[in-house]
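# Fold the following and give me the result.
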Amino acid sequence: MTEVREDVVAELDHESEVMTLREFVRVIETHHANEGRGVPRELVEEYADAVRYDVDLDSLDDRTTDSDEWREGGRFYDLGEGRISIYPRDWHETMASTDDIRDVVEIIQREVTAAEGDMWEAVSEERGVPEEKVFHVGEVVAGIDRDDARDRIKELRKNGEIEEFASQHRNPTIKLA
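This next block holds a predicted model:
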């Protein structure tokens, strides 16, 4: 059994009153790196207890799919061996071998086919992928540091390889050119 980490508890505790279940799992998946992809489902329960987060485990189970590919509907993905992720297995498999945030943008842009989520997560064919989503996927799935991702996006923008929309917005969207 994996122990909860105090730094992750502090991160969750700071935001847990306004955090969705998906965001809660994302924070654990991002900051509690351990062996394997995703996180053990029981670890989510342990963190929920540690920060007194009222998690509806039935909802977590209802929203968990065994699909290997992205599905709309704010899904969680069963990665096997009791592990879950907010990202599908094929993203973990495909992005595990990349260190270029451009590949992350390309995969999200290709596979997320329906606008979904709030302004921080919604992907659209017309405007692309919110930068914050790119950072989250890059960190969790590909292990790309946020600062490195930000620098690479600046380089891609400068080279004309990506378009950026609402560049003055706190969370601009980006799209491969």
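# residue contacts, residue 4?
Residues near residue 4 by C-beta atoms under 8 Å, 6 or more residues apart in numbering: 32, 43, 46, 47, 50. The way it works is simple: take the backbone N, C-alpha and C, and place the C-beta from them, glycine included.
# go with 7 Å
Contact analysis of residue 4 by C-beta atoms under 7 Å, 6 or more residues apart in numbering lists 46, 47, 50.
# Point out where this structure drops to low pLDDT.
Applying pLDDT under 70 to the chain flags the ranges 1-2, 16, 113-125, 166-170.
# residues of the longest helix seen in the chain that come out buried?
Longest helix of the chain, by residue count under DSSP state H: helix 146-158. By 16 or more other C-beta atoms under 10 Å, the buried positions in helix 146-158 come out as 149, 152, 153, 156, 157.
# Also stretch 81-93?
Residues of stretch 81-93 classed as buried by neighbour count (16+ other C-beta under 10 Å): 83, 84, 85, 86, 87, 88, 89, 91, 92.
# Reformat the contacts of residue 4 as CSV; add distance to residue 18, secondary structure and neighbour count.
Formatted as CSV, these follow (distance: C-beta to C-beta, whole Å; DSSP: H, G, I helix; E, B strand; the rest coil; neighbours: other C-beta atoms under 10 Å):
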residue, distance to residue 18, secondary structure, neighbour count
46, 21, helix, 15
47, 16, helix, 25
50, 18, helix, 17
